[in-house]
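Enquirer: need the 3D shape of this:
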Amino acid sequence: MTPERVRELTGWPEDVPEALLLAHLDAARRRIDALTTARAGADYDDAIAWEAARTAAPVLHTFALAGAAKVGRLEGGVEWRFLSPSELEGYARRLAEMRDACLARLPAASSALSGPMFMAAI
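Expert: Below you'll find the model as predicted:
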């Protein structure tokens, strides 16, 4: 799991600070490890990357101050804009769905994503 993989999955530019993504990747790894005993494979790595993106997204959109322009230009003429709070919620939800899809493909995934589970033996 690298900042580059998060950028690749999300389409975020190189301008997104590597230190920010590394911090979110570290926290995401702990979160995913709490949900599954699987510790290897593409789906495990991507689940961590999607979780890091989900938690980093709100941080990336909080430096827009009230009244500030929502649209700007990066070098090379690429346009960017801040998401509104409701757009950000939807985006974070989609990132969580991508994470959950990766976790669902892991054989040792916890049932924590789908809610409580009761098992009994007689």
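Enquirer: hey, let's count contacts and neighbours off CA atoms from now on
Expert: OK.
Enquirer: show me the strands in this protein, by range?
Expert: Counting by DSSP state E, the chain has strands at residues 71-73, 79-81.
Enquirer: mean pLDDT for the ones you listed: which is lowest?
Expert: The stretch with the lowest mean pLDDT among the strands of the chain is strand 71-73, at a mean of 52.
Enquirer: for stretch 32-46, the distance to its chain's centre please.
Expert: Remark: stretch 32-46 is offset 14 Å from the chain centroid, using CA atoms, centre = their mean, to the nearest Å.
Enquirer: what's the end-to-end length of that stretch?
Expert: Stretch 32-46 stretches 10 Å from its first residue to its last (CA to CA, to the nearest Å).
Enquirer: pull the helix or strand with minimum mean pLDDT from this structure.
Expert: strand 71-73 (a mean of 52; mean pLDDT, DSSP states H and E).
Enquirer: ok, Glu97 - contacts?
Expert: Glu97 sits next to no residue when contact means CA atoms under 8 Å, 6 or more residues apart in numbering.
Enquirer: can you tell me how far it sits from Glu51?
Expert: In this view, Glu97 and Glu51 are 10 Å apart by CA to CA.
Enquirer: do the same with Gly11
Expert: Per CA to CA, Gly11 is found 15 Å from Glu51.
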